[in-house]
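> Mind looking at a prediction? Sequence and model below.
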Amino acid sequence: MAVLPILVAPHPVLKQKAKPVAVVDARIAKLMDDMVETMYAAKGIGLAAPQIGRSERVIVVDVHEKGETPNPIRLANPEIVWSSEEKGICEEGCLSVPEQYAEVTRPLAVRVRYLDEKNEPREIEADGMLATCLQHEIDHLNGVLFVDYLSLLKRNMILRKVQKQQKASA
Ligand code: K1U
Ligand code: ZN
């Protein structure tokens, strides 16, 4: 397994629509493993393949609490097949928009259809942080960042701060 560098906004790959995976073979299973390792190394609760420069429809999530056993979920071609009408506000962050946080309104619960690491079709129903994280990661596959839900003023403020940080650390 490998820890891979994470792209930072405004990298163009983060704005592309990622391509579906034809089959979850050894190449995709290895990508999923590398993404889990990269997510843990970055102390994230999710990661989408475009964030490591791979424009493919693959995400990983793990929302386990401190002291609980890790529980990574690997998903290829994830698709939201149901979302609750009830919405909630959650503070979101993003490893591609480092150290910036903002409140985003999303459906409170979702059902997601996907292929697992063995190419088996599965569905997961989620609420709470897992539902938020799944929606955030699926957005990445469509070139959408959490800042795209904010006003133009807030979005530009955050993106300018990120660019300033990046320049200062280069
Ligand atoms: O996609 C990513 O960049 C990962 C992102 C996932 C995420 C966090 C919060 C809400 C929705 C999706 C992160 O893991 S950011 C870092 C983080 O661990 C975190 C930040 C804010 C709240 C909870 C966790
Ligand atoms: Zn993100």
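Sure thing, it's come through. Residues are numbered from 1 along each chain as shown. Ligands and ions are numbered 1, 2, ... in the order given.

> Pull out the buried positions in the lengthiest strand in the chain.
As assigned by DSSP state E, the longest strand anywhere in the chain is strand 73-83. Residues of strand 73-83 classed as buried by neighbour count (16 or more other C-beta atoms under 10 Å): 73-78, 83. All C-beta atoms are positioned from the backbone trio N, CA, C, and that covers glycine.

> Tabulate the CA atom coordinates of stretch 56-67 in CSV.
Extracted as CSV, the C-alpha positions of stretch 56-67 are listed here (Å, rounded to 0.1, in the frame of the first residue of the first chain):
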residue,chain,number,x,y,z
GLU,A,56,-12.1,7.4,-11.7
ARG,A,57,-15.4,6.8,-9.8
VAL,A,58,-13.9,5.4,-6.6
ILE,A,59,-14.3,6.6,-3.0
VAL,A,60,-13.4,5.4,0.4
VAL,A,61,-14.9,6.4,3.8
ASP,A,62,-14.4,5.6,7.4
VAL,A,63,-16.3,7.5,10.1
HIS,A,64,-15.3,5.3,13.1
GLU,A,65,-14.9,7.2,16.4
LYS,A,66,-11.7,7.4,18.4
GLY,A,67,-11.3,4.2,20.3
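
> what does stretch 106-119 contact?
21, 23-25, 28-29, 32, 74-88, 90, 121-128, 131-132, 134-135, 138 (C-beta atoms under 8 Å, 6 or more residues apart in numbering).

> Of the residues you listed, which count as buried by neighbour count?
The neighbour-count test (16+ other C-beta under 10 Å) marks 21, 24, 28-29, 32, 74-78, 83, 90, 124, 126, 131-132, 134-135, 138 as buried among the contacts of stretch 106-119.

> Perfect, I'm done here.
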